[in-house]
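K.L.:
Predicted model follows, preceded by the sequence.
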Amino acid sequence: MKKNILLILTLVCTSLFFSCIGKRKVAKINNALNNQLQDEVRMQQKLTSLDSLNDIKTKKGEMDDSVSNILKAKLTNENAASLSRADSIKKISATIMRGMKRKKYKNAVVYNTEGKEIVAKKNQDILFVDDLLKQQNFIKFNTAAFFPPGGFQIPAEKLEMAKSVFKPVLDSLIVFLDKYAQRKVASNIVCYGYADGQPIKDRSELWNMLTKNLNDTNASRQTLNIELSRMRSEDVSGIMKSLFLQNIKRFPDSSLTEMRFIKIGKGEDYPNKTITDYGVVDERRRIVVIFWNALPKGLFETEQKQTGN
């Protein structure tokens, strides 16, 4: 009988020895989890800061609307994911106590290891977005400098001058892509065309062209100006594509970079929402804004509805 009791006690002690974790190991994993929690808090602060910067640049007209929306959605989602991970860390830490079961300890170790890998990867993406938002990645091109009144094509004699104005946009994109040459990046050059509120003379050559494009002889002034602004953006986009082809060898390995050209007519929308003294007839509204953007492929994938090629 005594032998049986001794055997049972031995088995129980052995089981406890192998199922429980020492105080030192528990303290170590708990400290690691607390460090990870602080990393998540810092990440949330940075994500909030980037979201604010994205909003400021968008309001000033210094950010392409489509990319601004993508970034805002992504930053919001990443912040929510970080909050969720932080909550999980708190719950795991709360279960850690003296004599913690081996299974729970192993789970905590695995969670900490995987969490550090996630944070490291997310921080790389955050640095990329931070760098992107700090770039001067746009140029506002005043059409009055090149287009005749009501025009939508740059005259041949001013084409080289226009290219010299546009080329710095391409140069800054190349510099940015070179910094991330090892990442698969999708790049866009987006041209937004604008028009002021000046009416287009009925039955004029321009009116005939615009209504033919629209297949609508009853089109409103606003609709006609949207089409005029689209044609302006298309002309400038064509020049940007030509510049890209001339400089394609300066870009990182083409297998890592995907380039698209997007042209959008914004019509009578204000190019800069912070300017409050725009007039109905206003040269500052007859512009084309050129943006470049570059996003890691797979990170900010979204359905692009704009016309691009």
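P.N.:
Yes, it's here.

K.L.:
What is the neighbour count of the closest residue to Thr274 other than its chain neighbours?
P.N.:
For Thr274, ignoring the flanking residues on the chain, the nearest one in space by CB to CB, 6 or more residues apart in numbering is Lys60 at 5.8 Å. Quick note: C-beta positions are derived from backbone N, CA and C, even for glycine. Neighbour count for Lys60, taken as other CB atoms under 10 Å: 13.

K.L.:
do the same with the one 3 residues further on
P.N.:
The burial metric for Met63, expressed as a neighbour count using other CB under 10 Å, is 23.

K.L.:
I'd say it and Leu53 touch.
P.N.:
No: in this structure Met63 lies outside contact range of Leu53 using CB atoms under 8 Å: 9.4 Å.

K.L.:
Next, show the common contact partners of these two.
P.N.:
Taking CB atoms under 8 Å, 6 or more residues apart in numbering as the criterion, Met63 and Leu53 both touch Leu133.

K.L.:
about what we covered before: hang on, isn't the residue nearest to Thr274 packed against Pro271?
P.N.:
No: distance between Lys60 and Pro271: 10.3 Å, which falls outside the contact criterion (CB under 8 Å).

K.L.:
so what sits against both of these two?
P.N.:
Listed as contacting both Lys60 and Pro271 by CB under 8 Å, 6+ apart is no residue at all.

K.L.:
can you map out the helices along the stretch 101-250 of the chain?
P.N.:
In the stretch 101-250 of the chain, the segments counted as helices under DSSP state H, counting those that start in this stretch are 102-133, 159-179, 205-214, 221-246.

K.L.:
quick one, the last one and helix 159-179 angle?
P.N.:
When you say that, I think you mean helix 221-246. Using axes from the mean of the first three to the mean of the last three CA atoms, to 10 degrees, the interaxial angle of helix 221-246 with respect to helix 159-179 works out to 70 degrees.

K.L.:
Run the angle between helix 221-246 and helix 205-214 for me.
P.N.:
Per the same axes, to 10 degrees, the angle that helix 221-246 makes with helix 205-214 is 80 degrees.

K.L.:
Which strands or helices does helix 221-246 pack on?
P.N.:
For helix 221-246, the packing partners by 3 or more CB pairs under 8 Å, 6 or more residues apart in numbering; DSSP states H and E come out as helix 159-179, strand 185-193, helix 205-214, strand 257-265, strand 287-296.

K.L.:
so where's the chain uncertain?
P.N.:
Along the chain, segments meeting pLDDT under 70 span 1-21, 97-101, 148-149, 254-256, 298-309.

K.L.:
Kindly report the domain assignment for it.
P.N.:
Domain assignment for the chain by automatic domain parsing gives 2-133, 138-296.

K.L.:
any idea which residue sits dead centre in the protein?
P.N.:
Centroid-nearest residue in the chain: Leu71, 3.9 Å away (criterion: CA atoms, centre = their mean).

K.L.:
Quick check: which element contains it?
P.N.:
With secondary structure defined by DSSP states H and E, Leu71 is part of helix 65-95.

K.L.:
Name the residues of that helix that come out as buried.
P.N.:
Within helix 65-95, the residues that qualify as buried are 66-68, 70-71, 74-75, 78-79, 81-82, 85-86, 89, 92-93, counting by 16 or more other CB atoms under 10 Å.

K.L.:
quick one: that helix to chain centroid distance?
P.N.:
Using CA atoms, centre = their mean, to the nearest Å, the mean C-alpha position of helix 65-95 is found 16 Å from that of the whole chain.
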